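> Pasted the sequence and its predicted model underneath.
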Amino acid sequence: MPFVSPYRRTSSSLRARLRYLPLVALAVLGAVLGSRPAAAQWVGYPTAGVPRTADGKVDMAAPAPRMPDGKPDFSGIWSTADRSRATEAGDVASDGNDVSSSRYMANFGAEMPGGLPYQPWLVPIVKERTANLAIDDPHIRCLPDNFLRAYGLPHMLKFIHKPDILAVLDEMNAGYRQVFTDGRPLPDAPAPAWQGYSSAKWSGDTLVIDTIGLRDDTWIDWNGSVLTESAKVREEMRRPDFGHLEIKVTVNDPKAYTKPWTVMLRQRIVVDAELIDEVCLENEQFAQHTQGIRQLPKEPAPAQ
Amino acid sequence: MTTTSRAAVLSLIASTLTLSLPAYAHHSFPAEYDASKPVMLTGKVTKVEWTNPHIFIYIDVADAKTGAVANWALELGGPNSLLRLGWKRDSLKAGDVVIVEGSLARTVPNLANAKTIVMAETGKRMLAGSSGPATSEGQR
């Protein structure tokens, strides 16, 4: 079939209108470009749907958004609200330029009387790791951070929440975590994974996430506290308002700890920002620069 | 290039805005650098490695007394932290003359962690987005 130009069938009036199409397109393009700042890597690109107060600030106390099924929508970019630096601003949204570390980043048990309840075999290991300034830290070796640790590191997490899944993207090492909310059971005898296997159910407006199947000896803080293959982690996650997530974490890991322990983690919203690659293996030089301090690596002691 | 006097650098820095340094941390700062050994260097950029997890720049620094030139490696923050601080990919180029304030490495010679970088030609001061020494528990 021969090619027939559609323009041959166009009426003369339509052709006249089409003559102005390039001008209209240019005008629209100009309006679009003029209304948004050009931004490298979308730094500063405005986040849609952000509630603001009369003075233009992010309304942190505005109601949390909800998904079509009525459940709270945890979508957004998040960073720790458990900040450690006294100089930082109060309860305001982050613009991505003040992402901080958590006060739990060095020690998850920092605010627990007596600290984390380590099993005896783990006590000297944590002591050594703390004393040697975390020189063996898997994070420094560019290995993935598990989700507990990622909540407190100064790298952004992006939550994409749908009725059947909560996906968490971590800009550090292009990491990801999947929390299934489709009713699937936790797997039997799972092969150990960096983020384990997570399945969740709603209890009112709180998402109750259960995770098993983590790798042995995955660090959760700079001091070298760990989770092991025996760990069962429960997160009770809620979004009390637009600007915050609250995550009550309960760790039951009898291989590493003498009893279950609980910590409350808080996140604050990050707006007008986007994830930017931080793929550690590109040019990591820490191990090379610290060779003179001590020979690396040293295998951790076997668990009892 | 010559090693810049501390007074001149402080004067230059004082003329610019004071900004808080964000806490971007990939590694244990105190294991690699000594915050008690500050250093100020002036030199011409010979190479920029715009890489993760930390950017490295290399500058030629001449000894003020002997004139001997040494190439220093300076570790900055990662690309994402510097982009969020307002840096662009080409904010620093080979040939630029910079004044760097930072901390000396513990064991590696001619290596430092950069805290601030001042463009010698314009006086523009840029935070280097480095990880920093401990300021409180949880901060490394």
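Structure's in. What do you need? The shown structure was predicted, so the numbers you read here are calculated from the model rather than taken from an experiment. Numbers count the residues shown, from 1 in each chain, chains lettered A, B, ... in the order given.

> CA atoms for contacts and neighbours, from now on please.
Fine.

> Contacts only, for B:K65.
By Cα atoms under 8 Å, 6 or more residues apart in numbering or on different chains, no residues touch B:K65.

> Now the element after the strand ranked longest in chain B, going C-ward?
In chain B, assigned by DSSP state E, the strand with the most residues is strand B:33-49. Helices and strands here follow DSSP states H and E; after strand B:33-49, the next one along the chain is strand B:56-62.

> And that following strand, what does it pack against?
Taking 3 or more Cα pairs under 8 Å, 6 or more residues apart in numbering or on different chains; DSSP states H and E as contact, the helices and strands that strand B:56-62 lies on are strand B:33-49, strand B:69-75.

> Sheet-wise, list the partners of the longest strand of chain B with their directions.
Strand pairing for strand B:33-49, using DSSP bridges, gives strand B:56-62 (antiparallel), strand B:97-105 (antiparallel).

> Pull out the buried residues from it.
Using 16 or more other Cα atoms under 10 Å in any protein chain shown as the test for burial, strand B:33-49 gives B:33-35, B:38-48.

> Return the member of those nearest to A:E278.
B:V48 (17.1 Å; Cα to Cα).

> Quickly list what the closest one is bridged to.
Bridge pairing for B:V48 - DSSP bridges - gives B:I57.

> pLDDT at it, what is it?
pLDDT for B:V48: 97.

> try B:S136
30.

> Next: A:G30.
Note for A:G30: predicted pLDDT of 43.

> and the longest strand of chain B, C-alpha only, in CSV?
Taking Å, rounded to 0.1, in the frame of the first residue of the first chain, the C-alpha atoms of strand B:33-49 are listed here in CSV:
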residue,chain,number,x,y,z
TYR,B,33,42.2,11.6,59.3
ASP,B,34,43.3,13.5,62.3
ALA,B,35,41.1,16.4,63.1
SER,B,36,43.7,17.8,65.5
LYS,B,37,46.0,18.3,62.6
PRO,B,38,44.5,21.1,60.4
VAL,B,39,46.1,22.0,57.2
MET,B,40,45.8,24.8,54.7
LEU,B,41,47.2,24.4,51.2
THR,B,42,47.3,26.5,48.1
GLY,B,43,47.8,24.8,44.8
LYS,B,44,46.9,24.4,41.2
VAL,B,45,44.4,21.6,40.5
THR,B,46,45.9,18.9,38.4
LYS,B,47,43.1,16.4,38.4
VAL,B,48,39.5,16.0,39.5
GLU,B,49,38.0,12.6,40.2
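
> so how far is it from its chain's centroid?
Centre-to-centre, strand B:33-49 and its host chain are 5 Å apart (Cα atoms, centre = their mean, to the nearest Å).

> how many neighbours does the residue nearest to B:V98 when sequence neighbours are not counted have?
Leaving out its chain neighbours, the residue that sits closest to B:V98 by Cα to Cα, 6 or more residues apart in numbering or on different chains is B:M119, at 4.8 Å. By the criterion of other Cα atoms under 10 Å in any protein chain shown, B:M119 has 17 neighbours.

> how about the helices and strands packed on strand B:56-62 in JSON lines, adding distance to A:W219?
Converted to JSON lines, the helices and strands packed on strand B:56-62 look like this (distance: least, Cα to Cα, whole Å):
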{"stretch": "strand B:33-49", "distance to A:W219": "23"}
{"stretch": "strand B:69-75", "distance to A:W219": "25"}
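
> how about the ones you listed, which one is nearest B:S91?
B:S91 lies closest to strand B:33-49 among those, at 10.1 Å (Cα to Cα).

> which residues in chain A form helices?
Per DSSP state H, chain A carries helices over the ranges A:12-19, A:21-35, A:122-131, A:147-150, A:286-289.

> Dihedrals phi and psi, the most centrally placed residue in chain B?
For chain B, the residue nearest the mean C-alpha position is B:A114 (2.3 Å; Cα atoms, centre = their mean). Backbone geometry at B:A114, expressed as degrees, to the nearest 10, gives phi -80, psi 130.

> just checking, it touches B:A105?
No. Between B:A114 and B:A105 there is no contact under Cα atoms under 8 Å: 10.5 Å.

> what residues are up against the closest residue in space to A:K248 that isn't next to it in sequence?
Nearest residue to A:K248, sequence neighbours excluded (Cα to Cα, 6+ apart): A:M264, at 4.4 Å. Going by Cα under 8 Å, 6+ apart, A:M264 touches A:E246, A:I247, A:K248, A:V249.

> Apply 7 Å and report the result again.
Applying Cα atoms under 7 Å, 6 or more residues apart in numbering or on different chains to A:M264 gives the contacts A:I247, A:K248, A:V249.

> Any figure for the gap between it and A:P187?
27 Å (Cα to Cα, to the nearest Å).

> bridging residues for A:Q178?
Assigned bridge partners for A:Q178, using DSSP bridges, are A:A167.

> let me fix that: A:V208
A:K201, A:E236.

> how many neighbours does it have?
As a burial measure, A:V208 scores 20 neighbours (other Cα under 10 Å).

> and what of the one 3 residues further on?
The burial metric for A:T211, expressed as a neighbour count using other Cα under 10 Å, is 20.

> Just give the nearest non-adjacent residue to it, would you?
A:S198 (4.3 Å).
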